[in-house]
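Undergrad: build the 3D model from these lines:
(one chain, ligands or ions: 1)
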Amino acid sequence: MVQHSPTVIVWFRRDLRLSDNPALLAATAMGQVLPVYIHENNQQEGGGGAWRWGLQQALAALNADLQGKLCCYVGDPARLLPEVAHAVGATGVYWNRLYTPQAIKRDRAIKQSLIERGLQVRSFNGSLLWEPWQVLKADKTPYKVFTPYYRRGCLVQDVPRQPMDAPPTVTWATLPAAAPAPSMQALDALLLGDVSWHKKWHGIWSMGEEAAQTRFEHFLSHGLACYDQGRDFPGRDCTSRLSTALQYGLLSPNQVWYGLEHAKADEHSVDKFRSELAWREFAYYQLFHFPSLPHKNFQPKFDHFPWLEDEVALGRWQTGQTGIPIVDAGMRELWQTGVMHNRVRMLVGSFLVKNLLLDWRAGAAWFKDCLVDYDLAINSASWQWVAGCGADAAPYFRIFNPVTQGEKFDRNGTYTRRFVPELANLPDQYLFKPWMAPASILRQAGVRLGQDYPEPLVDLAASRAQALAAFQALKI
Ligand SMILES: Cc1cc2nc3c(=O)[nH]c(=O)nc-3n(C[C@H](O)[C@H](O)[C@H](O)COP(=O)(O)OP(=O)(O)OC[C@H]3O[C@@H](n4cnc5c(N)ncnc54)[C@H](O)[C@@H]3O)c2cc1C
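TA: Residues are numbered from 1 along each chain as shown. Here you go, the predicted structure:
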């Protein structure tokens, strides 16, 4: 009689890679491996069309790396996993953990039901440097302020685990005919829909584990050295652009953390970059300990803030037609590329919340719709930070001035001119405040305010004063 080695299902989720994949490595050690991906139709924690496009690309790349062996399903994992496990005769199901409220609840229930069916279930940490429940204050409560969280909480813990190589050989299990039929095409159709707007991104994005490694190597050799000094300048290539890779798990934070050790860069840049990775951790940490983060003000005193409801203003913000050039540049970058530079995310967020007095949740929802790197934890924590209502948030009275921010961080206008080409011929002096330009300068630059480019949607000084007054009225 032929003896088959045990089969373990590896349930891929936000870990779409072969290297440094703890669940895959452990399953390989047990015997044959069946790689499975299941997309839940009603899942609420993923992003919108841009994010789904990125996910489809990342899954296609993983499937190619697996020589077409990835079994993709659309449906309920609580039903599909036991069915597939039964059909293939699996002895276990392994996965890397997720940390969002809905996923935690679902995974607990699935784990219980699989164990009751006699399957071995193992979960691993494949996407965080520190487990959220391991980092607590002396009184065993969670940190609410970033610096002590990182310096006194994380850095005194065990060092993050070293990344692991991809398993040198894997014996892939084959799916018997009796198993639920996987369909990559059905998943593609669901993720991409029937519109083709995303074609514009094929030259911009290259998704997959290998592309993420290449991007990281490029950053190590070209960007890291200027990270500390240059990361706030949207026109410079000083940031890693690894957020999408981290979002889909094409690269693990451990690979990034330890990859920095071999880089030729000063320690300020390495420290700064590591602390940004820690901001990512802090966002996951906050969401884990405060699951209402995406919906409720972290500081309840903001519950009475008099947000306006102004669909016209929201629409002009969304489409990059506010008449404030660097804000419009950011919103158009988002629409055209699916991402936005971090400094500009802060500026457009501040403008929405503190100049237009619109609720941060409207901004978060638009980002969810448009970001390829959309991440429930980071987006929610960042919007609460921008709005001033989050844990360790920017104080509400810190209102960015988009004119001086533009002059400081996009000094020669490279970024703003790229995304707001109708202002390209304005001299630097007026690029960030075209409404102040003399008529002759506007004429020479071919700009008719109100026709080629909008008049400002709000008066920056007056709206700032109005926001501060509303804030004062809360007696915060
Ligand atoms: C309003 C707002 C919404 C945001 N929404 C998201 C989101 O949905 N998804 C997302 O990945 N990032 C989000 N960010 C954080 C940040 O803007 C992006 O991570 C960053 O711009 C990605 O570019 P990068 O990879 O070149 O970053 P780098 O500067 O190279 O940083 C390296 C990595 O560190 C992490 N990181 C960097 N900055 C932050 C930060 N402020 N908070 C948490 N983690 C950070 C990211 O994983 C990033 O890839 C948001 C920021 C703001 C202000």
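Undergrad: and His4, what's its pLDDT?
TA: You'll see His4 listed with a pLDDT of 67.
Undergrad: correction: the previous question concerned Val312.
TA: pLDDT recorded at Val312 is 98.
Undergrad: and the host helix or strand of it, what does it pack onto?
TA: Assigned by DSSP states H and E, Val312 belongs to helix 311-318. In terms of contacts (3 or more C-beta pairs under 8 Å, 6 or more residues apart in numbering; DSSP states H and E), helix 311-318 is packed against helix 325-337, helix 360-370. Every C-beta, even on glycine, is put in place using the N, C-alpha and C of the backbone.
Undergrad: buried residues in the longest one?
TA: Read it as helix 325-337. Using 16 or more other C-beta atoms under 10 Å as the test for burial, helix 325-337 gives Pro325, Ile326, Val327, Asp328, Ala329, Gly330, Met331, Arg332, Glu333, Leu334, Trp335, Thr337.
Undergrad: quick one: the second one and Arg345 touch, right?
TA: In this case it means Ile326. No - at 11.7 Å, Ile326 and Arg345 do not qualify as touching, with contact defined as C-beta atoms under 8 Å.
Undergrad: which other residues reach the least confident helix or strand in the chain by mean pLDDT?
TA: Least confident helix or strand, the chain: helix 184-192 with a mean of 90, by mean pLDDT, DSSP states H and E. For helix 184-192, contacts defined as C-beta atoms under 8 Å, 6 or more residues apart in numbering pick out 37, 39, 41, 52-53, 55-56, 59-60, 63, 70, 72-74, 198.
Undergrad: near the ligand, which of the residues you listed show up?
TA: With C-beta under 6 Å from any ligand atom as the criterion, the contacts of helix 184-192 include none near the ligand.
Undergrad: got the residues of the chain near the ligand?
TA: Applying C-beta under 6 Å from any ligand atom, one finds that the chain approaches the ligand through 231, 239-243, 246-247, 276-277, 279-280, 283, 342, 345-346, 349, 367, 371, 373-375, 378-379, 382-383, 386.
Undergrad: could you report the neighbour count for the closest residue to the ligand within the stretch 51-200 of the chain?
TA: With C-beta to the nearest ligand atom, the shortest gap between the stretch 51-200 of the chain and the ligand falls at Trp51, namely 8.8 Å. Neighbourhood size, Trp51 [other C-beta atoms under 10 Å]: 23.
Undergrad: now it: closest residue in space that isn't a chain neighbour?
TA: Computed as C-beta to C-beta, 6 or more residues apart in numbering, the closest residue to Trp51 that is not its neighbour in sequence is Tyr374, at 4.4 Å.
Undergrad: cool, Phe400 as well?
TA: Ser350 (4.2 Å).
Undergrad: for the closest residue to Met340 other than its chain neighbours, give me its contacts.
TA: If the residues on either side of it in the chain are set aside, Met340 comes closest to Leu334, at 4.5 Å by C-beta to C-beta, 6+ apart. Listed by C-beta under 8 Å, 6+ apart, the contact set of Leu334 reads Met340, Phe367, Cys370, Leu371.
Undergrad: the last one: neighbour count?
TA: Just to be clear, that refers to Leu371. With neighbours defined by other C-beta under 10 Å, the count for Leu371 comes to 24.
Undergrad: next up, phi/psi of it, please.
TA: phi -80, psi 130 (degrees, to the nearest 10).
Undergrad: adjust the sequence numbering to begin at 286 for everything that follows.
TA: I'll keep to 286 as the first residue from here, and by that count the last item is Leu656.
Undergrad: surely it meets Trp620?
TA: No - applying C-beta under 8 Å as the test, Leu656 and Trp620 come out as separate, 10.6 Å apart.
Undergrad: measure how buried Leu593 is and give me the count.
TA: Leu593 has 12 nearby residues by other C-beta under 10 Å.
Undergrad: excluding its backbone neighbours, what's nearest it?
TA: The shortest distance from Leu593 to any non-neighbouring residue, by C-beta to C-beta, 6+ apart, is to Leu642 (4.6 Å).
Undergrad: now do the contacts for that neighbour.
TA: Leu642 is in contact with Pro591, Trp592, Leu593, Ser748, Gln751, Ala752, Ala755, counting by C-beta under 8 Å, 6+ apart.
Undergrad: so which bits of stretch 377-389 are buried?
TA: Gly377, Val378, Tyr379, Trp380, Asn381, Arg382, Leu383, Tyr384, Thr385, Pro386, Ala388.
Undergrad: in strands, which of the residues you listed appear?
TA: Gly377, Val378, Tyr379, Trp380, Asn381 (DSSP state E).
Undergrad: in space, what's closest to the last one - neighbours in sequence excluded?
TA: Spelled out, it's Asn381. Gly411 (3.1 Å).
Undergrad: now do the SS call for that neighbour.
TA: Classification of Gly411 by DSSP: H, G, I helix; E, B strand; the rest coil places it in coil.
Undergrad: wait, it touches Ser537, no?
TA: Yes - counting by C-beta under 8 Å, Ser537 is a contact partner of Gly411 at 6.1 Å.
Undergrad: hey, what's in contact with both of those two?
TA: Asp300, Asp305, Asn306.
Undergrad: need the residues you listed in JSON lines with pLDDT, can you?
TA: Listed next are the shared contacts of Gly411 and Ser537 as JSON lines, based on pLDDT from 0 to 100:
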{"residue": "Asp300", "pLDDT": "98"}
{"residue": "Asp305", "pLDDT": "98"}
{"residue": "Asn306", "pLDDT": "98"}
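Undergrad: quick one: residues contacting the nearest residue to Val638 once chain neighbours are set aside.
TA: Distances taken as C-beta to C-beta, 6+ apart put Ala672 closest to Val638, at 4.7 Å, once the chain neighbours are dropped. Shown in contact with Ala672 (C-beta under 8 Å, 6+ apart): Asn582, Phe587, Gly634, Val638, Trp645, Ala678, Tyr681.
Undergrad: let me have the residues you listed in a markdown table, extended by pLDDT, neighbour count and distance to Arg364.
TA: Formatted as a markdown table, these follow (pLDDT from 0 to 100; neighbours: other C-beta atoms under 10 Å; distance: C-beta to C-beta, whole Å):
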| residue | pLDDT | neighbour count | distance to Arg364 |
| --- | --- | --- | --- |
| Asn582 | 96 | 21 | 37 |
| Phe587 | 92 | 22 | 41 |
| Gly634 | 97 | 24 | 40 |
| Val638 | 96 | 24 | 42 |
| Trp645 | 97 | 25 | 37 |
| Ala678 | 75 | 20 | 41 |
| Tyr681 | 79 | 21 | 47 |
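Undergrad: buried residues, the top helix by length along the chain. List them.
TA: Using DSSP state H, we find that the single longest helix of the chain is helix 552-574. The neighbour-count check on helix 552-574 (16+ other C-beta under 10 Å) flags 554-555, 557-559, 561-574 as buried.
Undergrad: thought Gln328 was touching Gln387?
TA: Yes - in this structure, Gln328 is within contact of Gln387 by C-beta under 8 Å, at 7.4 Å.
Undergrad: any chance of the buried residues of helix 610-622 in JSON lines, plus pLDDT?
TA: Shown next, in JSON lines, are the buried residues of helix 610-622 (pLDDT from 0 to 100):
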{"residue": "Pro610", "pLDDT": "98"}
{"residue": "Ile611", "pLDDT": "98"}
{"residue": "Val612", "pLDDT": "98"}
{"residue": "Asp613", "pLDDT": "98"}
{"residue": "Ala614", "pLDDT": "98"}
{"residue": "Gly615", "pLDDT": "98"}
{"residue": "Met616", "pLDDT": "98"}
{"residue": "Arg617", "pLDDT": "98"}
{"residue": "Glu618", "pLDDT": "97"}
{"residue": "Leu619", "pLDDT": "97"}
{"residue": "Trp620", "pLDDT": "96"}
{"residue": "Thr622", "pLDDT": "95"}
